[in-house]
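J.: A structural model of the following input is requested.
(2 chains)
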Amino acid sequence: SQTIHQWPATLVQPVGSPLSLECTVEGTSNPNLYWYRQAAGRGLQLLFYSVGIGQISSEVPQNLSASRPQDRQFILSSKKLLLSDSGFYLCAWMNLREDYGYTFGSGTRLTVV
Amino acid sequence: EDKVVQSPLSLVVHEGDTVTLNCSYEVTNFRSLLWYKQEKKAPTFLFMLTSSGIEKKSGRLSSILDKKELFSILNITATQTGDSAVYLCAALTFGQNFVFGPGTRLSVLP
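T.: All right, here's what the predicted structure looks like:
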């Protein structure tokens, strides 16, 4: 069966520090992977998506970047965090063959202080 | 610009009540409408609706899509405290893009 792992679950980082959030998928190959940010009362905002190794599409310009170093690995990074980067980050895998749409990771609550 | 609107944004009911959550969409190349339930962390899948007028049911939850009027509703009957969550509606396009609504926060009081 396919599973998606995301870590860490919670992170408190000072302003100006780097960020690395990791997401991995098991049980499938060449998945479409997505990073979303969820702000309170604003739903989910798509940040990046990737259809394959080294292929990254950015939806909104910001202080973050993403990388896909391996087929089942998707990383969200920042060189210098801003206060406005605080939020709840979700990694997702799309599986349209099983009528499930997205399967989400468990999320990372990032607080920049 | 593609958008999904949900109403109400927040709702408080008592156990046993029936609730209807609304989702309207304006999306180019619309394919399907999905509902998710988000409790404390990751959203979990509830329904995917592609055809108009066909109700999908899962226990006390049901949902239907109207592609002519561009909306969907999610009904929950005999609500329980465990139904308390944020309910997200999302439109999926043929380009495999998701557009999420802001969510409806449902609180069910005992």
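J.: Tell me which residue is most central in chain A.
T.: Residue closest to the average C-alpha location in chain A (CA atoms, centre = their mean): A:Trp35, at 3.1 Å.
J.: for that residue, helix, strand, or coil?
T.: strand (DSSP: H, G, I helix; E, B strand; the rest coil).
J.: Beta-bridge partners for it, please?
T.: Per DSSP bridges, the residues bridged to A:Trp35 are A:Phe48, A:Cys91.
J.: now B:Tyr25
T.: B:Val4.
J.: any idea how far the closest residue to A:Gln6 other than its chain neighbours is from A:Ala66?
T.: Excluding its sequence neighbours, the residue lying closest to A:Gln6 (CB to CB, 6 or more residues apart in numbering or on different chains) is A:Gly105, at 3.0 Å. Heads up, the C-betas are built off the backbone N, CA and C, glycines and all. Per CB to CB, to the nearest Å, A:Gly105 is found 14 Å from A:Ala66.
J.: Just the strands from chain A, written as ranges.
T.: Using DSSP state E, the strands found in chain A span residues A:3-7, A:10-13, A:19-26, A:32-38, A:44-52, A:55-58, A:65-70, A:73-78, A:87-95, A:101-104, A:108-112.
J.: Just want the angle from the fifth one to strand A:87-95.
T.: Orientation of strand A:44-52 against strand A:87-95 (axes from the mean of the first three to the mean of the last three CA atoms, to 10 degrees) gives an angle of 50 degrees.
J.: Low-confidence ranges, chain B, go.
T.: The model of chain B has no residue with pLDDT under 70.
J.: Thank you, goodbye.
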